[in-house]
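1. below are the sequence and a predicted model; questions follow.
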Amino acid sequence: MKVNIGNTVVKGARPDKQSRCAHYHKKEDIIAIQFFCCGDFFCCYKCHEQICDHPPLQWPKDQWNQKAILCGACGYKLTIQEYLQCNYSCPVCKALYNPACQHHYHLYFQT
């Protein structure tokens, strides 16, 4: 399934209008991630696994200036570096992000 957040299409398992999905649906689960492997935005890595026929690839450190994180509250796209330094809130609308997402950073970003 897909949802449009601003002008960005986000794919996922039952995505809502703020990018929550069947896997992660707490109030603060409002970011979507553009996957390095295919360039598509997904609600989470589990949604990518469910929908895609290829393995995910991590964003290389030298690409962390790419706007690959979408705030589901306002539609602002953050660079990866900006997201990693935002202290779990959107720099534009101040919506809170789930701090537990940091446990999955190794799936998305090279360390």
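-> Yes, it's here.
2. only C-alpha atoms from now on, for both contacts and neighbour counts.
-> Will do.
3. which residues does the residue nearest to residue 68 when sequence neighbours are not counted contact?
-> Once flanking residues are discounted, residue 68 sits nearest to residue 34: 4.8 Å by CA to CA, 6 or more residues apart in numbering. Residues near residue 34 by CA atoms under 8 Å, 6 or more residues apart in numbering: 40-42, 68-70.
4. switch the cut-off to 10 Å
-> If you count contacts by CA atoms under 10 Å, 6 or more residues apart in numbering, residue 34 has them with 10-11, 40-44, 59, 66-70, 77, 80, 108.
5. so which of those residues belong to helices?
-> When DSSP state H is applied, the contacts of residue 34 are split such that 80, 108 fall in helices.
6. related to what we said a few turns ago, do you know how far the residue nearest to residue 68 is from residue 52?
-> For residue 34, the distance to residue 52 (CA to CA, to the nearest Å) stands at 13 Å.
7. in three-state terms, label residue 32 for me.
-> Following DSSP: H, G, I helix; E, B strand; the rest coil, we place residue 32 in the strand state.
8. isn't it right up against residue 83?
-> No: the pair residue 32 and residue 83 does not pass the contact test of CA atoms under 10 Å, sitting 11.3 Å apart.
9. quick one, which of the two is more surrounded?
-> residue 32 (29 against 22; other CA atoms under 10 Å).
10. pLDDT at that one, what is it?
-> Here, the pLDDT recorded for residue 32 equals 98.
11. run through the bridge partners of it.
-> residue 70 (DSSP bridges).
12. any idea how far it is from residue 2?
-> With distances taken as CA to CA, residue 32 is found 12 Å from residue 2.
13. got it, and residue 97?
-> Taking CA to CA, one finds residue 97 at 21 Å from residue 2.
14. check residue 26 too.
-> From residue 26 across to residue 2, the span is 19 Å (CA to CA).
15. now residue 45
-> For residue 45, the distance to residue 2 equals 15 Å [CA to CA].
16. one more: residue 57?
-> 21 Å.
17. more neighbours: which of those two?
-> The neighbour comparison of residue 57 against residue 2 (other CA under 10 Å) goes to residue 2, with 17 against 14.
18. right, I'll leave it there.
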